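1. Let's see this in three dimensions:
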Amino acid sequence: MSLVSIRDLVAIPTGDNSSDTIIDGIHWNLTALQNWNYTYYSNRTFSNGSSCLLVFEPYTPILLPNGTFLNSTSCYSPVNPLKARSKIGLFFACFFAISIMFTSINLRKHGRLFLPTEKRFLAIGRRWQWYWMFIVAAFAIISSITGVDVDRYYLPELPIVLSSFFWFLMLPTTMCIVWESVRHWGSWQERQMIDPNPFQLSQDDRRTRIELLVPLVFYFFAWVNFFMVVPRSWSAIERQRDPEQTRLKAEPVATDARFKAAALLLFCSWCTIIFSLWHSIKHYKERNRGYLNRAIGFVQYVPKRFLLTLALSLIMIGYEAACSFEFSISPLKLDTKLGYMYGLGWAPIALIFIVYEVAGYLEPNEDKELIRQRRIRGAEIDHEIGIVKKPHWWSRLNRDNRSMSIQDQITRNVNHVGGGPPTARNLERNIELGIMPVSKGVDANKPAANTEAIRAAANLLFPARSDVEETQERFTDYAEPSRGRSIRPRHETDRSESHESQVTTGAKPQEVRSMLDI
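-> Numbers count the residues shown, from 1 in each chain. Here you go, the predicted model:
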């Protein structure tokens, strides 16, 4: 069944009198119709060049003598039921909507960082593939949903333009997905190669310059493809209301030179991807001698997902080129052949999504993979020099053998040696500041019973004179004589008399807050 009601200009049938006509059993004011230049068409519509109205049940309007239609329905209204084109389009809309969830999972998995960011390998490089997949999925959903009204509209208008417009946007963005996956694979091979030795590859050689220019070449072809297709007048695509109008208006625009050039530019971008893949294999994989061995090695080194996606993208490009020559299979045609349209135009893009989603699920995060490779290299180096690492449970059973930090080693040495002058100075400082800890079980108001502790504190506050002189001699190059004063040696009896007095031993110890209180 044809998607459009073919219309032909027919003569208005006569009615009861010269100012009356009968159409589908309904009387119309012929004078008003002729006054406003309305013409009747075989698809049961009235049109005067500026407006088109449906005149069959249940959309029959009421015509007033002044030429006004009441309860009228435009010819460009969704009044038809869903058909094959819209139903298949809804299936693809659901598919690409679900793919957004899996793309988000893969973006989170492969976009996370477990190693410090390197200036040479930015994290955005591994995420661009998934960003482009979001964009393509959005274009596919819009194109599929607007394709529903292509079937439902009584006469074609804006929906077929929107559906075709966003489908053409899907083509270069899908190529961007394939390009970013191939480009990042080469970057990943380089990162694995230089991870053991960062100076293995130079950063200012011919290889680096090619890797800088190839992305510019690819995106040049992709953007020119966009400008060949999108900035144009799309109104001619709507002129498919009868076969003659389709042949004279829509077909020349859909098969013009710009669509042919766009397909050629997209093929050039595909060739750029092949060159980038060959360049990465040449520099980051083992080289084979002979043309035949190199060709075999190229196929062996290429990841299987690239063999699939490159073939599918080439089918997509071939279909775009075929549409620019044959209008009957083009999505721009209203009653196009759906097998070609969905089988060659939509299915390759959907399969590319499936391949990358499955590959993203199976492949590990690159940072984690790099950590695993470093661990393997470290184990091999330890094995070569004879180092055998103990298992994790060894440190729990032998705590003395576990590896300690520098501070733990210092603390252990201090505990073994014991306190020294630093400990004495710390204790003296605490006594001067009055922050000596007091046991909770001892009442501060009671007289101190431990006289030995009081003597030790007093010795720290008032050391013997000989100790002072010894300290001075110890920290100077030449001992200085006393400045005109003779130092009387203090006898042990003096200190004992001072500390064994009844006041000192029986009274509450004096709390010294600073040197001014002494």
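
2. I figured Thr309 was touching Ser181, is that so?
-> Yes - when contacts are counted by C-beta atoms under 8 Å, Thr309 is listed as touching Ser181 (7.2 Å). In short, each C-beta sits where N, CA and C put it, glycine included.

3. got any residues that touch both of the two?
-> Common neighbours of Thr309 and Ser181, counting by C-beta atoms under 8 Å, 6 or more residues apart in numbering, are Tyr356.

4. And the strands in the chain, which stretches?
-> 20-23, 26-29, 39-41, 45-47, 52-54, 62-63, 69-70 (DSSP state E).

5. Of all these, which one comes closest to Leu216?
-> Nearest to Leu216 among the strands of the chain is strand 52-54; the distance by C-beta to C-beta comes to 49.4 Å.

6. Pull the contacting residues for the residue positioned nearest the centre of the chain.
-> Among the residues of the chain, Arg127 comes closest to the average C-alpha position under C-alpha atoms, centre = their mean, at 4.2 Å. Going by C-beta under 8 Å, 6+ apart, Arg127 touches Leu107, His110, Gly111.

7. Over to Asn71?
-> Neighbours of Asn71 in contact, by C-beta under 8 Å, 6+ apart: Pro61, Ile62.

8. can you give me phi and psi for it?
-> phi 60, psi 40 (degrees, to the nearest 10).

9. Just the buried residues of the contacts of Arg127.
-> Buried by 16 or more other C-beta atoms under 10 Å: Leu107, His110, out of the contacts of Arg127.

10. Of the contacts of Arg127, which belong to helices?
-> Leu107, His110, Gly111 (DSSP state H).

11. In JSON lines: the residues you listed, plus pLDDT.
-> As requested, the ones in helices among the contacts of Arg127 are exported to JSON lines (pLDDT from 0 to 100):
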{"residue": "Leu107", "pLDDT": "95"}
{"residue": "His110", "pLDDT": "93"}
{"residue": "Gly111", "pLDDT": "92"}
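
12. just those residues now: which is nearest Gly345?
-> Closest to Gly345, out of all of those and judged by C-beta to C-beta, is Leu107, at 26.3 Å.

13. re earlier: what about the strands of the chain, which gets the closest to Phe95?
-> strand 52-54 (34.8 Å).

14. For the closest one, which outside residues touch it?
-> Contacts of strand 52-54 (C-beta under 8 Å, 6+ apart): 44-47, 60-61, 69, 72-77, 79, 154-155.

15. Show me which of those are buried.
-> Judged by 16+ other C-beta under 10 Å, buried ones among those: 44-47, 60-61, 69, 72-77, 154-155.

16. Could you single out the nearest of the residues you listed to Arg191?
-> For the buried ones among the contacts of strand 52-54, the nearest to Arg191 is Tyr76 (55.8 Å; C-beta to C-beta).

17. Nearest spatial neighbour of that closest one, chain-adjacent residues omitted?
-> Nearest residue to Tyr76, sequence neighbours excluded (C-beta to C-beta, 6 or more residues apart in numbering): Glu157, at 4.3 Å.

18. The one you found touches Ser74, doesn't it?
-> No - Glu157 sits out of contact with Ser74 when judged by C-beta under 8 Å, with a separation of 9.3 Å.

19. and the residue lying closest to Leu70 once chain neighbours are set aside, how many neighbours?
-> Take Leu70 and drop its neighbours on the chain: the residue closest to it by C-beta to C-beta, 6+ apart is Ile62, 4.2 Å away. For Ile62, the count of nearby residues is 10 (other C-beta atoms under 10 Å).

20. from what I can see Ile62 touches Ala32, true?
-> No - the criterion here is C-beta under 8 Å, and Ile62 misses it with Ala32 at 11.6 Å.

21. what ranges of the chain fall below the confidence cut-off?
-> By pLDDT under 70, the weakly predicted segments of the chain are 1-18, 20, 24-25, 290, 395-404, 414-518.

22. Mind doing that once more with 50?
-> Along the chain, segments meeting pLDDT under 50 span 1-6, 439-442, 444, 448-449, 464-505.

23. mind checking the longest helix of it?
-> helix 158-194.

24. in it, what's buried?
-> Neighbour-count burial for helix 158-194 [16+ other C-beta under 10 Å]: 158-188, 190-191.

25. cool, and stretch 260-280?
-> 260, 262-270, 272-273, 276-277, 280.

26. again, but for stretch 335-346
-> Those would be Asp335, Thr336, Leu338, Tyr340, Met341, Tyr342, Leu344, Gly345, Trp346, for stretch 335-346 by 16+ other C-beta under 10 Å.

27. Name the nearest residue to the fifth one, sequence neighbours excluded.
-> It refers to Met341. Met341's closest residue in space is Pro331 (C-beta to C-beta, 6+ apart), at 5.1 Å.
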